[in-house]
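J.: Here is a sequence with its predicted model. Questions after.
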2 protein chains.
Amino acid sequence: MRVVLIGNGRVATNLLPALQQAGHDVVSINSRTLEDLPEKADIYIIAVKDSALHDVICQAAKGRGEQFFVHTAGSLSLDIFEGCCRHYGVFYPMQTFSKEKQVDFSHVPLFIEASDSLALTTVRSLATSLSNSVYVLSSEERKYLHLSAVFACNFANHCYALSAEILEAHGLPFSVMQPLIDETAEKVRTMHPRDAQTGPAVRSDENVIAAQKALLAVRPDIQEIYDIMSKSIQKLAHDKL
Amino acid sequence: MRVVLIGNGRVATNLLPALQQAGHDVVSINSRTLEDLPEKADIYIIAVKDSALHDVICQAAKGRGEQFFVHTAGSLSLDIFEGCCRHYGVFYPMQTFSKEKQVDFSHVPLFIEASDSLALTTVRSLATSLSNSVYVLSSEERKYLHLSAVFACNFANHCYALSAEILEAHGLPFSVMQPLIDETAEKVRTMHPRDAQTGPAVRSDENVIAAQKALLAVRPDIQEIYDIMSKSIQKLAHDKL
């Protein structure tokens, strides 16, 4: 397919080589130089930051009303295209992308949606050329999917970052945590995370909880997170019974 | 080595086959049937719950004052042995153990400590027979290590569990999160978790943050965690600058 990719952020940086490796003919365009935008393509992928998306869509679609546009944002709905073009869709790769690290797209779940059946056929064909996991999902459901991803990825990563804060304050290297991090992630393949839980909170070991909170007295911000997460673990374990 | 393993909880269940596979002669004893405890061994490993540890130590060491005892608890210090026996140590395998899933001990970091140099030689010899990552660490430092592990493992797993709560409330399977969970864990091998962070909080996308908080209005307990974690991510990103 002839693909135009607009943007040069984290998603675009990871998507470009994946599109090329899948054999597509790709034109990559910076969102600031839309004057160079080709007049025709099988699909235009707009991978720019959420706050700029609506403006870039309208600018890119001007005079290209019959072309097919998709965006890649997990939290923005399909109707952001309304009034700018007629055929549009969403192509949301649910993964944590960084410019420093190339992701293997074949394992990235892709959540797609489109304005009409022809558009859906096009975006599905593109998606299946890149990944083995392609799902059609409505904008409404995608909101909750994206919210869940914030917990499973951003908040889990923040737990790693707080772990690193504590270790580094005591001269211990964060790298010692990697086997534990790996096993925690691996474990939920075969066990539900509710059942996989271990540690002082889930076993209601109030002595250890009190002692660990005391260690965090110097960091009240982290202490508050310790407290609220421990209580939430206990609530979830109790609700399960 | 002739090893006596006391306990039948999560740690003991994972430790027993690892000790056997390493070629040790192991006697496994339930902490409730200490009358069957052998009179002599190269090392007695007490892997029981924290709250029972002191009692089990004193009972097991009675009449075995010259034997060498270790415990496996991350949060309990070396001096819990004082007054019960003369040669003692700590053998803390930092991992999340479940009875349902056997862990490969060769990748488990082991943190050891001992009352004297002879005891340290014994526990180090045992540890290196099981794992490639053996560290000598004081009780004081181990407290912070264990606290960090609660964040990197228990709290990260709780983020998975909250993600599952949201997904399942909307009919989406938790399994779609696995590639994201894997990549999030994998990424911190090569990037510091502070630098690996992505998502609405770290890019201060207040529109998305407000919309996601609104989605959680039906679950104020999870909404509170969303709020406090997002603010903490922003604080950490700001402190880094």
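T.: Nice, thanks for sending it over. Numbering: from 1, shown residues only, chains lettered A, B, ... in the order given.

J.: what are the pairing partners of the longest strand anywhere in chain A, and which direction each?
T.: In chain A, taking DSSP state E as the definition, the longest strand is strand A:87-93. Sheet pairing for strand A:87-93, assigned by DSSP bridges, gives strand A:68-71 (parallel), strand A:110-114 (antiparallel).

J.: most neighbours per residue, which of these?
T.: strand A:68-71 (a mean of 26; mean count of other C-beta atoms under 10 Å in any protein chain shown). Where C-beta positions appear, they are placed from N, C-alpha and C, glycine not excepted.

J.: Run through the bridge partners of the residue nearest to A:R142 when sequence neighbours are not counted.
T.: Leaving aside its sequence neighbours, A:R142 sits nearest to A:F111 (C-beta to C-beta, 6 or more residues apart in numbering or on different chains; 5.9 Å). Applying DSSP bridges to A:F111 gives these bridge partners: A:Y92, A:Y135.

J.: I figured A:F111 hits A:Y92, correct?
T.: Yes: taking C-beta atoms under 8 Å as the definition, A:F111 is a contact partner of A:Y92 at 4.4 Å.

J.: Does A:C84 fall in a helix, a strand, or a coil region?
T.: State at A:C84, reduced to three classes by DSSP: H, G, I helix; E, B strand; the rest coil: coil.

J.: what's near enough to touch it?
T.: A:54, A:57-58, A:61, A:69 (C-beta atoms under 8 Å, 6 or more residues apart in numbering or on different chains).

J.: again, only using 7 Å
T.: A:57-58, A:61 (C-beta atoms under 7 Å, 6 or more residues apart in numbering or on different chains).

J.: for A:V208, same thing?
T.: A:200, B:50, B:75.

J.: how about the second one, what does it touch?
T.: B:D50 sits next to A:205, A:208, B:73, B:75-76 when contact means C-beta under 7 Å, 6+ apart.

J.: If we use 6 Å, what do you get?
T.: A:205, B:73, B:76 (C-beta atoms under 6 Å, 6 or more residues apart in numbering or on different chains).

J.: how about low-confidence regions in chain A?
T.: A:241 (pLDDT under 70).

J.: Helices of that one, start to end?
T.: Counting by DSSP state H, one finds helices in chain A at the ranges A:10-21, A:50-61, A:117-130, A:139-149, A:156-169, A:178-187, A:193-196, A:206-215, A:220-240.

J.: Buried ones in stretch A:160-177, by neighbour count?
T.: Using 16 or more other C-beta atoms under 10 Å in any protein chain shown as the test for burial, stretch A:160-177 gives A:160-167, A:172, A:174, A:176-177.

J.: Using TSV, please lay out the strands paired with strand A:87-93 together with distance to B:V11.
T.: Formatted as TSV, these follow (distance: least, C-beta to C-beta, whole Å):
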stretch	distance to B:V11
strand A:68-71	49
strand A:110-114	40
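
J.: Let me see the backbone angles for the residue nearest to A:K231 when sequence neighbours are not counted.
T.: Nearest non-adjacent residue to A:K231, counting by C-beta to C-beta, 6+ apart: A:A201, 7.8 Å away. Dihedral angles of A:A201 (phi, psi; degrees, to the nearest 10) stand at phi -70, psi -50.

J.: How many residues are close by the spatially closest residue to A:G199 that is not a sequence neighbour?
T.: Leaving aside its chain neighbours, A:G199 sits nearest to B:N154 (3.5 Å; criterion: C-beta to C-beta, 6+ apart). Counted with other C-beta atoms under 10 Å in any protein chain shown, the neighbours of B:N154 add up to 23.

J.: likewise A:D36?
T.: 8.

J.: Could you measure from the residue in chain A sticking out farthest from the centre over to chain B?
T.: Centroid-distance maximum for chain A: A:N207 at 37.7 Å, with C-alpha atoms, centre = their mean. Distance of A:N207 to chain B, computed by C-beta to the nearest C-beta, to the nearest Å: 7 Å.

J.: and that residue, what does it touch?
T.: No contacts exist for A:N207 under C-beta under 6 Å, 6+ apart.

J.: A:F68 now?
T.: Counting by C-beta under 6 Å, 6+ apart, A:F68 has contacts A:43, A:87, A:119, A:122.

J.: among these, who's most crowded?
T.: Counting neighbours by other C-beta under 10 Å, the top entry in these is A:I43, with 23 neighbours.

J.: Output stretch A:23-31 as PDB - backbone C-alpha positions only.
T.: Taking C-alpha atoms only, stretch A:23-31 is exported to PDB below (Å, rounded to 0.1, in the frame of the first residue of the first chain):
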ATOM      1  CA  GLY A  23       6.700  -3.800   2.300                       C
ATOM      2  CA  HIS A  24       4.600  -0.600   2.100                       C
ATOM      3  CA  ASP A  25       5.600   2.400   0.100                       C
ATOM      4  CA  VAL A  26       5.800   5.000   2.800                       C
ATOM      5  CA  VAL A  27       6.100   8.800   2.600                       C
ATOM      6  CA  SER A  28       7.100  10.200   6.000                       C
ATOM      7  CA  ILE A  29       6.100  13.900   6.600                       C
ATOM      8  CA  ASN A  30       6.700  16.200   9.500                       C
ATOM      9  CA  SER A  31       3.500  17.800  10.700                       C
END
